[in-house]
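S.K.: give me a 3D structure for the following:
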Amino acid sequence: MRLAALNRPRFAMAGGWQPRWRDLRRWGLPGLMATLLAAIAAWLLLFELPRGAAQLRADEQRWTQARQALAAAGAARATPAMDPASRFQSAFPPALDRHRRIEGLLAMATVMGLQSQRSDVRDAAAGANGLMRVRVTMPLTGPYENLRRYVDVALREDPALTLDLLRMERSDPSQPALRAELQWSLWMRPPQGDRR
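M.R.: As a prediction, the model looks like this:
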């Protein structure tokens, strides 16, 4: 018991752990390396870590200011801001796409197994909202499921298309086909000269 107490490292009461040179000699090279590494770690924790954290905060602040300056410079060089009405109108397809959009509606009806006798197309001048409206009235004949699928796909494919009227009638209850009248509105930007 007494021999084990003599071999223990000695601790100083007031200053924490303070190894004696004779203890270091007894621990050898591994003890010396451990002591050196502990001293380096303590120095890094007490002095270098706070300095590095302060430098990191300063760099982060500088980068934030530089990013804000670049954003402000980019905004100044950007195109002039559009007024809300022009921004709203720019979200719609141009009037030049009118014929392509109408042909797409008619072709889609044919592909979905619906027969169309004739279609009536009426142009309207730009309204108070600054948009042109083209009304397309389509009488169709076909099964209810095909008609329902046609309306669903057409509205999904063209976000500037609205269905204003849908009238269906079945003359003979024993027949699967029904007659329907659809009235579409194609909304678009007017040509540059017609804008208000």
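S.K.: how about the helices in the chain?
M.R.: Ranges of helices within the chain are 2-7, 21-43, 49-77, 84-90, 98-111, 144-157, based on DSSP state H.
S.K.: TSV for those helices, including mean neighbour count and distance to L178?
M.R.: Just so you know, the C-beta spots here come from the backbone N, C-alpha and C atoms, and that holds for glycine as well. Shown next, in TSV, are the helices of the chain (neighbours: other C-beta atoms under 10 Å; distance: least, C-beta to C-beta, whole Å):
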stretch	mean neighbour count	distance to L178
helix 2-7	7	103
helix 21-43	11	85
helix 49-77	10	57
helix 84-90	12	38
helix 98-111	14	14
helix 144-157	15	6
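S.K.: turn those into CSV, including mean pLDDT and distance to R135.
M.R.: Shown next, in CSV, are those (pLDDT from 0 to 100; distance: least, C-beta to C-beta, whole Å):
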stretch, mean pLDDT, distance to R135
helix 2-7, 51, 103
helix 21-43, 78, 81
helix 49-77, 80, 41
helix 84-90, 71, 19
helix 98-111, 89, 11
helix 144-157, 91, 15
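S.K.: quick check: domain ranges of the chain?
M.R.: Annotated domains of the chain cover 1-78, 87-194 [automatic domain parsing].
S.K.: beta partners for E181?
M.R.: Counting by DSSP bridges, E181 forms beta bridges with P139, R167.
S.K.: and it, how far from V121?
M.R.: 14 Å (C-beta to C-beta, to the nearest Å).
S.K.: M188: which of the helices of the chain is closest?
M.R.: helix 98-111 (6.4 Å; C-beta to C-beta).
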